[in-house]
Each structure stands twice: as C-alpha cells, then as structure tokens.
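> quick check, what structure comes out for this input:
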Amino acid sequence: MRDVLQSATDVRSKVTGWMGRRFLAHLSKTGFDLESSWFVPSRVLAPLRRNGLDPVPELARMQAHGPVTRLPLPVTVWLVTGYEASKSVLVDSESFSNDFGHLKELGLFADEAPGGLGFSDPPEHTRLRKVLTPEFTMRRLSRLVPRIEAIVADQLDLMSMKDAPVDLVEDFAMRVPALTICELLGVPASEREEFQRRSVARFDLGGAATASLSAVSESVAYFRELVRTLRTAPNDGLLGELIRKHGDELDDDELAGLADGLLTGGFETTASMISLGTLAMLRSPDLFARVRDDDEAIGGVVDELLRHQSVVQVAFLRVARKDVVVAGTKVRAGDIVACSLSQANRDPSVYSSPDEIRPERAAGQHLAFGHGAHRCIGAELAKTELRIAYPALVRRFPQMRLAVDPGALSFRKLSIVYGLHSLPIHLGSHTSPIQPDL
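Okay, the predicted model is just below:
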C-alpha cells in the first residue's frame, strides 16, 4: 500500500509540475501584467519589489524563518535569502547550472538564449571569461578613467544649463553609464542614442512577463549586426579588440552575447546606482558631506551603497544539476533556485544594523555583484564610474535638493534591476564647470 501511495504521489507531483511548466510557457509567449495579477502570491513577487530604498518586509520575515524558502508555485522554486546560503549557491557551479537551455527545457521561456557569461556553464563559461578578463584589469580600466571623467563633466555642464528642476535619472544617471559602455564596446557615435533606447526597458517586469527577454533578443540582434560590421573594419573598442585577438575562435553569436552581457552588467545597473545613491545622499546630510569633502572615504561609501541598494535584486536563476543540501534544505535535481541579493545583503547575522548606511563598515564582501565564477566581470568598471560620478555631482551642485516630496518619488514596482523612474532635483547655486587636472 505504501508503494501505491508513493507512486500516486509521484504521479501527482509530475502532473502538477507539467501543468505548471505549460502554464508558465504559455505566459512566456503571451505575456501578462505581473503587478496586477491577483493570482500571483505576494511571496513570489516579494524578491522583485521594494519599499523605497529597502527590501519589502516580507523578505525579512522569510529570512527570519530560515535562509531558504520554497515559493508557492506549481514548479519547485527555492528562494535563498541568507547571505552564507546565497554564497554557497552562487559559488557552486558543480551543483547548479546557469545554462539558459535548462530553463527552456523546463518550459519556462520560449525566447532564444541570450548568450554571454551569465547564462553559460563551465567549460564554455570558463573559455569566454578567459577571453574577457584581460580587458577588465585595473590597468586596462585606468585608460577609461579620463574619458569617464570627461563624460561626467560634460553631463554636469549640460544639466546646469537646463531649466529647474532637472531629472537626475534622465539627465545624468542614464547618460553616464550609457556613454561609458559605448566607449568601452566601440559603439559608433551615430548609433548611441538608439543604443540607449534599446537598453532602458529590458529589466522592468511591470508589464508583459517577457518584455525583458524580448528586449534582450533585440539587443543581441543589434550587436550581431555591429559585430559583422566590425569584422571588416575593427575599431579601438572592446569588440574590435576581441575581433582582432580572438575573431577566429569566437563566432558572431558569441561576440554579440558577450557584448549584451556587458551591457546587462554595465548600463542599467550603474544608472540605477547613481540615482539611488544620490537619493540616499540627499536624505543624509552627513553622507552628502562625506562624499563632498573626504576623498579617502569614497571607496567605502561606494561599497556600502552597493550593499545597501543591491540594485540587482535577484541573481540569474540556477537549476540544480543534482540533489544538494542548501543550509539544511534538500534541493532536488531540476529544482530552480533564486538568490535574493537584496535581502542577503541585509542579513543581520552578517551586518549589524543592516538597514543603515554605514560607510565605515567593511562592506567589500557584499553580494551586489554576485559571487564566484559568475561575479560580474564589470564590477570594477561600475565602481570606478560611481567613485567618479558621486563626488563630481555633489561638488558641482553642493546645494542640490529634492524638487518633490519624497513620498511622490516613482520607483519601479516590479523589476530585476531596481531603480527610480525619475529623480526631480533643484540644483541650487553651483560652482563653475569642473576643470580636469592637467
């Protein structure tokens, strides 16, 4: 009898899982409004939501009950909210796969694989990362510093000429990383406005469920065309450099996927950090003053803001390759695992008073860029941009202030990458344009 009952349970589980996969596959083709869907449990959406600058309280409640929680979905999805548990998943490429193909096999998505580092496993991931790593050393990135400083200064000049109030998101936060990533990749100047347009909506899940994946497909198609052009006349950008050095071993799809992955990690995320970090400074006169006056503190401020904001709210989904135990919870082969980076970085067992911004704390081990082999390869580039942008902004406009009541600010309601829709500010009286050091 026990065998019969177990068999019935297994069949029911398989049927339920199959129905769930078909249901999600249908949604991936047709799309639906996640935010207004009453039938999606709040616990499922909690990792994609925020309460202002903070994770929603439901995530903290889940974390208090344990670092791993099963989400109420017809397929098995585990949400990891603990810091150490998240690190153990993110670093374990033997037990967990990033390969997008596994998600397609489960019926979750119908779109083509985005490619790039984030959705590949060793040895493919190792091969591609080995090609890119030399281009992201501090020595190589130092060549971009003068250009980033010039981009920031130019955008501050343009912003100063606008009528008050200005929108810091549109007029500064989006433009600095967009122009920086264009410089890095070698996107032609004539195509940079279109490049930015293609990039903006890819992480916002407030509308159709597959809007972001459709944006990824469009972006990859653009990069394929750019790669084809650069193969005949490579420029001095990263794509041109990769074509010169590795053009015979990397096909167009691989190069396009790598470029799109760099866009993923280097544009929207940094833009969100610039605007959210500015808001945090406007809410804290002490933090504002420290960024303005203390050059030696800026590295600690940037890392602490990265931890506190964790704009990439959820790491790339993992699929368990085999049965594995995560923080005492048994995860079976084929289960999906999502790590909440925003909540892991607020784990009170690791950080005292985790909801406070304390630049003096040693926050460099945060998970804002992920962890392990898939840690964001552009992390140092993003930190370089922030270390330049924050001080330049507050020194140029030391009297800047919010132009609206804080409660009127519009944040993304449901997104993989969190951010503000706009940040209206009054610049106040300001100093003369910043002169670069000679």
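
> going by C-alpha atoms from here, please, whenever you check contacts or count neighbours.
Noted.

> could I get the contacting residues of the closest residue to Val301 other than its chain neighbours?
Of all residues not flanking Val301 in the chain, Pro359 sits nearest, at 4.7 Å (Cα to Cα, 6 or more residues apart in numbering). Applying Cα atoms under 8 Å, 6 or more residues apart in numbering, we find Pro359 in contact with 297, 300-305.

> ok, now Arg228?
Per Cα under 8 Å, 6+ apart, neighbours of Arg228: Asp252.

> one more pass at 7 Å, please.
Contacts for Arg228 (Cα atoms under 7 Å, 6 or more residues apart in numbering) come out as none.

> just confirm it is within a helix.
Yes - counting by DSSP: H, G, I helix; E, B strand; the rest coil, Arg228 is found in a helix.

> is it true that Ile336 touches Pro74?
No - proximity of Ile336 to Pro74 does not meet the contact threshold set by Cα atoms under 7 Å, at 11.8 Å.

> the more surrounded of those two?
Per other Cα atoms under 10 Å, whichever of Ile336 and Pro74 has more neighbours is Ile336, with 23 against 16.

> what sits against the most centrally placed residue in the chain?
The chain has Val312 as the residue nearest its centroid, 3.6 Å off, counting by Cα atoms, centre = their mean. The neighbourhood of Val312, defined by Cα under 7 Å, 6+ apart, consists of 269, 341, 368, 416-418.

> next: Ala373.
Contacts of Ala373 (Cα under 7 Å, 6+ apart): Val91.

> could you find the closest non-adjacent residue to Ser388?
Careful, residue 388 is Ile and not Ser. Glu149 (6.6 Å).

> neighbours of that neighbour, how many?
Glu149, neighbours per other Cα under 10 Å, totals 18.

> and it, its phi and psi?
phi -60, psi -40 (degrees, to the nearest 10).

> gap between Val302 and Ile148?
16 Å (Cα to Cα, to the nearest Å).

> kindly report the same for Cys182.
11 Å.

> any idea of the mean pLDDT in whatever helix or strand Asp154 lives in?
Secondary structure from DSSP states H and E places Asp154 in helix 145-160. Averaging pLDDT along helix 145-160 gives 95.

> and that helix, what's buried?
145, 148-156, 159-160 (16 or more other Cα atoms under 10 Å).

> in JSON lines: those residues, plus distance to Pro348.
Converted to JSON lines, those look like this (distance: Cα to Cα, whole Å):
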{"residue": "Val145", "distance to Pro348": "36"}
{"residue": "Ile148", "distance to Pro348": "36"}
{"residue": "Glu149", "distance to Pro348": "37"}
{"residue": "Ala150", "distance to Pro348": "40"}
{"residue": "Ile151", "distance to Pro348": "38"}
{"residue": "Val152", "distance to Pro348": "36"}
{"residue": "Ala153", "distance to Pro348": "39"}
{"residue": "Asp154", "distance to Pro348": "41"}
{"residue": "Gln155", "distance to Pro348": "39"}
{"residue": "Leu156", "distance to Pro348": "38"}
{"residue": "Met159", "distance to Pro348": "40"}
{"residue": "Ser160", "distance to Pro348": "41"}
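
> which SS class is Cys339?
Under three-state DSSP, Cys339 comes out as strand.

> mind listing the residues bridging to it?
Val80 (DSSP bridges).

> surely it and Leu79 touch.
Yes - between Cys339 and Leu79 there is a contact at 5.8 Å, judged by Cα under 7 Å.

> who has more neighbours, those two?
More crowded of Cys339 and Leu79, by other Cα under 10 Å: Cys339, with 28 against 24.

> look at the more buried one and report its pLDDT.
97.

> quick one, strands of the stretch 51-200 of the chain?
Remark: strands assigned in the stretch 51-200 of the chain by DSSP state E, counting those that start in this stretch are 54-55, 68-70, 77-80, 96-97, 166-167.

> which of those strands sits closest to Val331?
strand 77-80 (8.0 Å; Cα to Cα).

> what's in contact with the closest one?
Residues contacting strand 77-80 (Cα under 7 Å, 6+ apart): 67-71, 86, 335-340.

> need the residues you listed in CSV (columns: distance to Pro285).
Shown next, in CSV, are the contacts of strand 77-80 (distance: Cα to Cα, whole Å):
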residue, distance to Pro285
Pro67, 35
Val68, 37
Thr69, 38
Arg70, 41
Leu71, 40
Ser86, 33
Asp335, 46
Ile336, 43
Val337, 40
Ala338, 36
Cys339, 33
Ser340, 30
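
> mind checking which of those residues are buried?
67-71, 86, 335-340.

> any regions of the stretch 151-300 of the chain where pLDDT drops low?
Flagging of the stretch 151-300 of the chain using pLDDT under 70 yields the residue ranges 196-216.

> repeat that with 50
203-205, 207-211 (pLDDT under 50).

> thinking again about what came up before, packing partners for the helix holding Asp154?
helix 175-185, helix 379-396 (3 or more Cα pairs under 7 Å, 6 or more residues apart in numbering; DSSP states H and E).

> right, and the helix or strand after the last one?
Under the assignment DSSP H and E, the closest C-terminal helix or strand after helix 379-396 is strand 401-402.

> alright, calling it a day.
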